[in-house]
Structure formats: structure tokens, C-alpha cells
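A.B. asks: Sequence plus predicted model, see below.
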4 protein chains.
Amino acid sequence: MKLSEKKLQKKKQEIILSAVKIVNQKGYQGATMEEIAAELLMTKGSLYYYFKNKEDLLFQCHEMVLGQAINELQDYFQEDLSNEQKLRKMIANHIRYMIEEKETFNMIIKPDQTFSKDYLHPILRKRNEYAASFDEVIQKGVEEGEFTIKEPKMARMILLGSMNWIQQWYRLDGDKSIEELQAIYADYLLKVVK
Amino acid sequence: MKLSEKKLQKKKQEIILSAVKIVNQKGYQGATMEEIAAELLMTKGSLYYYFKNKEDLLFQCHEMVLGQAINELQDYFQEDLSNEQKLRKMIANHIRYMIEEKETFNMIIKPDQTFSKDYLHPILRKRNEYAASFDEVIQKGVEEGEFTIKEPKMARMILLGSMNWIQQWYRLDGDKSIEELQAIYADYLLKVVK
Amino acid sequence: MKLSEKKLQKKKQEIILSAVKIVNQKGYQGATMEEIAAELLMTKGSLYYYFKNKEDLLFQCHEMVLGQAINELQDYFQEDLSNEQKLRKMIANHIRYMIEEKETFNMIIKPDQTFSKDYLHPILRKRNEYAASFDEVIQKGVEEGEFTIKEPKMARMILLGSMNWIQQWYRLDGDKSIEELQAIYADYLLKVVK
Amino acid sequence: MKLSEKKLQKKKQEIILSAVKIVNQKGYQGATMEEIAAELLMTKGSLYYYFKNKEDLLFQCHEMVLGQAINELQDYFQEDLSNEQKLRKMIANHIRYMIEEKETFNMIIKPDQTFSKDYLHPILRKRNEYAASFDEVIQKGVEEGEFTIKEPKMARMILLGSMNWIQQWYRLDGDKSIEELQAIYADYLLKVVK
DNA sequence: AATGAATGAGGGTTCATTCAT
DNA sequence: TATGAATGAACCCTCATTCAT
């Protein structure tokens, strides 16, 4: 039982990864069950053994991607860093996601056009969870005198919004490397909160 | 002749507005010709009297919305203001769009997944036209010593990106009025370029 | 009254000619009322002032084209020629139609896929009228000892069939001129009846 | 594997046959996917499991029908017959197709108004393949002194054209049996080439 | 006599979903 | 577990036809 359960979960993971990949190439509606299955050398009918329907599959994609990102942020909190250093790291991390794993973070924009009501609530909660990490650092920075900002939530919105926009225009073959981008954004966005 | 031409254009406008509305509720692919027509108490077949196909209609939506925004920006350039003042106004304007005319500006995201090659080029050009206004102000501000930024383009990306994100979370019934939001964003974003 | 009647008929003629032209470029189903009207700088709505519906218009095309061809054949009967000479002329004439006015004769193939029952009967009668001219010449030729054929109807079928096929393959830029084609077909087809 | 492949091919065959039938009743454009499917108690959506689109289905109809006919002609070449005898057999065969399998041969008319460029080329090639068999016999007959014709290609056109026309008028309940028809046409058409 | 505008039926196509095997 | 096959709803689009003006 345990073994078969493991196998099941592993297969689910594979499917989710495939779905994430296709979604980011073709967008939400452009991703077909057929293509998601084909990526794994399966047929689309099989997907329904693992997921109730397409929305369910896409929902679990969202959970996985954002959950992973949240975990990474948590790690920075363990480290002994100033809030500015933490925020810089978080910014760099987010940007890396936005570019290298654009495939995944892509999903997080405009969920209300994709998901039905039942799914929307947990999705928004997960989002907030992610945002909360930023809030925490900013808040702490204010308390400890590193930042001067009066509206920490607004600042967080500006940070995340500006970074989410990156995937709209960034091309890997452009004139800026990811590292440069991370540095510039960190510098400029730190000016917002300082 | 003139009269009928006027009428035609007016009807086209109505359809475009209806399309914009539906698109913003359901997204590009989610917006059906049927629904766009129903909004105006027409049948979908009739739309094809005015527009070649769905893509054409959506394209003209894009042109209208962005064109209008560009015109408004131009006005600020006529006025005798410092670059900072101009930029503040442009920020306030953009934010107002993002909130009050959310229905329209919403469209501007991810054109490459929606439009075919033929339409993509003019769309991107229009986008750049809009962005160019921001670039100009920022650039001038740098030249005239108001701003200190080293990467004006990056700064513009941060500005627009953060503002475009507003519509993802802003609710009219929230605890901030538009005016407050405009003020806060202007302050914080000015810190980026200064 | 008379004058307006004349005008009406003239306009009808124009429409029929336009229809014939479009039909032969695009085929029966490919010809749209819109295009037929556009050719005359009219709008499709206007066509319905002159013709009950599309089928009616197309029917009258058929009548006109075939009626004209029949008249031309009649002329040969007035002339003082041997039956062989007459038949040669008729063959040449048919071939000319098939090529130069391919636009028109085209219509005559496969009427049963195009016309509803009501129209089918008169259409077939007109066809038979045309064929009867050939029958007459062949029959006379047999009676007067010029031809030896035992099955005049079969021969006529072979003649017309082979000539109708020409439009399937003949290209004006090919290696045979119309005159050469007429001569060869006349020679070879005469061998059938002789 | 082999089995399911067989089944697939068999189903494809069934669909093709259904399509051929409908096409011959209603013509190319008149034949709808819906009707083709209904004939087999399927829904039109299912057809797309087997064929890419309507054009693809119709193309494969053409390939099947003509391919089969070509094979039959090849057989006559194996036999030890004079060219005249061969040609007679080929004529009889073609006529039989034209009548008994009218449903299928009917398709071969006017491909250029139906098929897009991609399909047109192979279609015309297949046609030429069929015609080439006739050319070969006629040519050989000329070389071996059986036939006297100067323009073998023209003769072939006359032969095929006249026979293709048969389906326009032949009715099974008419006064001629197929065998009579075959005999008469063979006699008369042989006069053309001799 | 003509037109602009609208309609509505119908066609091709896509695709999530189902289900027997 | 997985699949092949089928379904059916939904979509875009075309076009003959209608009708008030």
C-alpha cells in the first residue's frame, strides 16, 4: 500500500511538472490535456486517473510551485542576516524564479480568470503566505531602524509588482544578465523601502 | 455619407467597449464573440459586419485603449512642469487607469500568447510608444539633475510593472482611496529614480 | 412602363453576367451573393430586388448561357452545308465555348448537386434541346449516307462528353492553340461517326 | 499492437467509404462532416480522431479510389494481349467504374476548386498515373502498327472525357445494359485511335 | 431601386471528459 | 493502470436572406 501510494504521488508529480511546462509555453487555455499527457508519453485519458479534471490539475500546479517558493523564502529567515540583506536575497530569488522558472511563476498571475470559486480561496491564501514573508522582513526592518517606510504593505506591492512584470519583457538573449538584473532591481527597490 | 460613416464608427466603438469589458472579466480566450454581441443585444454574426474576425476586434480594442492613454500623457508634456512633477502626474494617471478603467488597461498583458504575428508588431510598437513617454521624462530628469538613476529603462520597468500590478489586488472598497494610493506610489516610486 | 421594363431586364442581364463570371472563378458554392454584387458595385441586398434568391439567379444564368449556345447551333442549320461540315462546325463551336467561355459552360455540369427539384426539370430540358441539335445532324448524316453509325445517341454522348472534359485539363498557355484543338477533335470525333 | 492498428485502418476505411458516398450525392462542399459521421452512427467530432480535417479526409478518399483503379489497370499489362484488346478491357473497366462505382469515381472532377495547394500536387500526380496507363497502351499500339493516331494524348483525353461523362446521363433502369454500353463505347472509341 | 444592418442557421474544428476494455 | 475511442458542447466564422429606410 505504502509503496503504491509512493508511486502514485511520484506520477502525480511528474504530471504536474509536465503541466507546468506546457502551461508556460502556451498559457493557461493553450495548454491541452493531450499535450500535457504527450510530454509523458501517456494519453490524455490517463490523466483522469490522477486528477479529477483539468482545473484540479492546474490547481495542484499552482500549489506546488508557490509552496516551493515559500519554502525557499523561509530558509533566508534561518540565516543570520540584516533585514536589508534578507530582502536583497528575496528579491534576487524572486527574480530568478521570474526568469529561469518563468515556466512556473507564470501561473500565478490572473488566477481569477482561470479558477472557479472553489479553488480561488486556497489559491489566494497561498499567495498571501508568500507575500507575508516579504511583509515580515520589511516590518522587521522598519522596527529595527533599517527601513523608513510608512506603508510596508504598499512597498511590498510595489516590490512584487515590479518584479512580476519582468517576465513580460525580459529575454534571455537581451543585454542584461540575470545577475545584473538582480543587482539593479535590488538596489532600486531598496531605495523604496529605505 | 458622412453621417453613415459616423454611425458606423460609433457602433464600432460600442462593440469595442463591450469587447473590452468582456475581455477583462473573462480574459482573452474566455471572451466569446457571442457574449460580446449579447452585451449589445446583437447576435454574434453581426459583429462580423464590423470586424474581420475576433483577433481584429481585439486588436482594435488594444489600439483604442492604449492610444487614448498615450494622448493623455502627451498633454503633460505641454505643461510647464519639472520632470518630477510630470512623472508624478504620469504615475497618478496610470494608476487611475489601472483602477477606474481597469476594464481597459487590463488588456495589455501577454499579447504574444494572443495575437498572431501580423498583429503583434503594431501592438508592441504602441506599447513602446507609451513607455517612451516615461523614458523621456526620466531621461530629461537625469539630464537636468533632478534624478540620479543610472539605468533609466530599468527604472521605467519598475515603475510600470509595480503599477500594473495594482489591479491584481486593489479593491475599491479597500482601506485606501485612489488619491491616497496615487500619493503613496508617487512618493515611493520617485525614491527609485531620485 | 416599357422603358422601365427594358431597364429592369438590362439590369438583370448585367447581374446574370456577373454571376456567371464569379461562378466560374469560384464554382457554384464558392460564388457568394456579395461578390456577385460587388462586381457591379452593388450591395448584395439589391440583388433580391431582381431575383427571388440565389438559386433563381443561378438558374437564369444557366438558361441564358445554354439558350445562347442553342441559338448559335441553329444558325448552322440555315447554312447550306454537308452534315459533316455542320458537325465539324458544331464541334468547333462547342470547344470554343468550353475554353473561351469556360466561364459559362462550366455551369452545366452537375446541375443535380446544385439545383433543387423545381429547377431541375427545366434545366434538363434545355440541355436536351442543345443535345438535340447534335442528334439531328448525326441522324441526317446517317440517313444521307455520310455517317455509318448505328447508335447515334451514343455517339452524341461520346462527342459531348469528350468535349466537356476539355475544360478539366486545357490551359491557355499550353502547347496547343484553340484552333489546333478544334481541328484535332473534329478529325478524331468524326472518325467515331463515320 | 498489430490488431489495434488493423482496427484503426478498418475504421478509417469505413469513414472514407461513407465520405465517398456523401460526396457523390452532395458534392464536395455539400458533404458535411456531420452527415459523413451520421452515416456511420458517429458524431462529427469523432471523425477528427481519424483525420486531421475535412480536406485530409477528402484527400484520402481520392487516393483510395484512384489508387484502386490504377491497380486494376496494371493487371491488364501482365496479360498477353494485343494493345487493342488491352484498350478494350481498360475502356470496359473504366465504364464499369463510372457506373457501378459511380459513387467513387465521381470524386475526381474539379480538384482545383476543392483542394488547397498542398494537396493538389499529389492529387494531380495520381491522376496522371492513371492516365499514363492509357497513354502507354495507345503509344504501344501506334508503335506496333495497330493504331494510326498522330496525337496519342489528345486521343486519351477524348477517351477518358467521353467515358467520364457517362455518369452524367446513364441510368441503370435505362434501355442499355452495362455490357452493351461497354461494347458500344469500345467499338466507337477504338475508331478514334485506329 | 438600393442599401445598410442584422439575423440565424449551419459548417468546421477543438477539446475536456467519459468509459468500456 | 492505462488506453483507444467516442462524445458533445462550445467556439469562430460564413453567408443567404430579410427588412426598415
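C.D. replies: It's in. Numbering: from 1, shown residues only, chains lettered A, B, ... in the order given.
A.B. asks: residues near A:M163, how many?
C.D. replies: Neighbour count of A:M163, defined by other Cβ atoms under 10 Å in any protein chain shown: 27. The way it works is simple: take the backbone N, C-alpha and C, and place the C-beta from them, glycine included.
A.B. asks: helices or strands up against the longest helix along chain A?
C.D. replies: Longest helix of chain A, by residue count under DSSP state H: helix A:117-143. Packing contacts for helix A:117-143, counted by 3 or more Cβ pairs under 8 Å, 6 or more residues apart in numbering or on different chains; DSSP states H and E, involve helix A:54-78, helix A:83-100, helix A:152-164.
A.B. asks: Determine which of those helices approaches chain B most closely.
C.D. replies: helix A:152-164 (2.5 Å; Cβ to the nearest Cβ).
A.B. asks: so, in contact with chain B or not, the closest one?
C.D. replies: Yes. Residues of helix A:152-164 contacting chain B under Cβ under 8 Å from any Cβ of the partner chain: A:154-155, A:157-164.
A.B. asks: Flag every buried residue along the helix or strand that that helix is followed by.
C.D. replies: Scanning forward in sequence from helix A:152-164 by DSSP states H and E, the next helix or strand is helix A:166-169. Buried positions in helix A:166-169, judged by neighbour count with 16 or more other Cβ atoms under 10 Å in any protein chain shown: A:166-168.
A.B. asks: Let me have the residues you listed in JSON lines, adding pLDDT and distance to B:L172 as columns.
C.D. replies: Output for these, formatted as JSON lines (pLDDT from 0 to 100; distance: Cβ to Cβ, whole Å):
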{"residue": "A:I166", "pLDDT": "89", "distance to B:L172": "28"}
{"residue": "A:Q167", "pLDDT": "84", "distance to B:L172": "28"}
{"residue": "A:Q168", "pLDDT": "82", "distance to B:L172": "25"}
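A.B. asks: Return the distance of the spatially closest residue to A:Y50 that is not a sequence neighbour relative to A:E146.
C.D. replies: Sequence neighbours aside, A:K12 is the residue nearest to A:Y50 in space, at 5.3 Å (criterion: Cβ to Cβ, 6 or more residues apart in numbering or on different chains). Applying Cβ to Cβ, to the nearest Å, the value for A:K12 to A:E146 is 43 Å.
A.B. asks: out of those two, which sits in the more crowded spot?
C.D. replies: More neighbours surround A:E146 than the other of A:K12 and A:E146, with 19 against 16 (other Cβ under 10 Å).
A.B. asks: Just the CA trace of stretch A:88-97, in CSV.
C.D. replies: Taking C-alpha atoms only, stretch A:88-97 is exported to CSV below (Å, rounded to 0.1, in the frame of the first residue of the first chain):
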residue,chain,number,x,y,z
ARG,A,88,18.0,41.6,-1.2
LYS,A,89,18.2,37.8,-1.2
MET,A,90,14.4,37.5,-1.5
ILE,A,91,14.4,39.9,-4.4
ALA,A,92,17.1,38.1,-6.2
ASN,A,93,15.3,34.8,-5.6
HIS,A,94,12.0,36.1,-6.9
ILE,A,95,13.7,37.5,-10.0
ARG,A,96,15.4,34.2,-10.6
TYR,A,97,12.1,32.5,-10.5
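A.B. asks: Contacts for it next, please.
C.D. replies: If you take Cβ atoms under 8 Å, 6 or more residues apart in numbering or on different chains as the criterion, stretch A:88-97 is touched by A:69, A:72-73, A:76, A:81, A:104-105, A:133-134, A:137, A:159-160, A:163, A:166, A:178, A:181-182, A:185-186, A:189-190.
A.B. asks: Emit the ChimeraX select command for whichever of these are buried.
C.D. replies: Selection command for ChimeraX covering only the buried members of these, criterion 16+ other Cβ under 10 Å:
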select /A:69,72,73,76,104,105,133,134,137,159,160,163,166,178,181,182,185,186,189,190
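A.B. asks: okay, now the residue of chain A found nearest DNA strand F: neighbour count?
C.D. replies: The minimum distance from chain A to DNA strand F, using Cβ to the nearest atom of the strand, falls at A:G45 (2.4 Å). For A:G45, the count of nearby residues is 10 (other Cβ under 10 Å).
A.B. asks: ok, and it, which helix or strand is that part of?
C.D. replies: With DSSP H and E as criterion, A:G45 is part of helix A:44-50.
A.B. asks: near DNA strand E at all, that helix?
C.D. replies: Yes. Judged by Cβ under 7 Å from any atom of the strand, helix A:44-50 and DNA strand E are in contact via A:44-45, A:48.
A.B. asks: Please identify the buried residues of stretch A:3-12?
C.D. replies: Within stretch A:3-12, judged by 16+ other Cβ under 10 Å, the buried ones are A:K12.
A.B. asks: Same question for stretch A:96-115.
C.D. replies: In stretch A:96-115, counting by 16+ other Cβ under 10 Å, buried: A:96-99, A:101, A:103-109, A:111, A:113-115.
A.B. asks: Setting aside sequence neighbours, what's the nearest residue to A:W165?
C.D. replies: A:W165 sits nearest to B:G161 (Cβ to Cβ, 6+ apart), 2.5 Å away.
A.B. asks: just to revisit the earlier point, list the helices and strands the helix holding A:G45 packs on?
C.D. replies: Checking 3+ Cβ pairs under 8 Å, 6+ apart, helix A:44-50 ends up next to helix A:2-26, helix A:33-39.
A.B. asks: With only the CA atoms kept, save that helix in PDB.
C.D. replies: The C-alpha trace of helix A:44-50 is given here as PDB (Å, rounded to 0.1, in the frame of the first residue of the first chain):
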ATOM      1  CA  LYS A  44      -4.900  12.200 -22.100                       C
ATOM      2  CA  GLY A  45      -7.400   9.700 -20.800                       C
ATOM      3  CA  SER A  46      -4.900   8.500 -18.200                       C
ATOM      4  CA  LEU A  47      -4.600  11.900 -16.600                       C
ATOM      5  CA  TYR A  48      -8.000  11.500 -15.200                       C
ATOM      6  CA  TYR A  49      -6.900   8.600 -13.100                       C
ATOM      7  CA  TYR A  50      -4.700  11.000 -11.200                       C
END
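A.B. asks: Tell me the one of the residues of helix A:44-50 next to DNA strand E nearest chain C?
C.D. replies: Looking across the residues of helix A:44-50 next to DNA strand E and measuring by Cβ to the nearest Cβ, the closest to chain C is A:K44, at 35.9 Å.
A.B. asks: Alright, that wraps it up for me.
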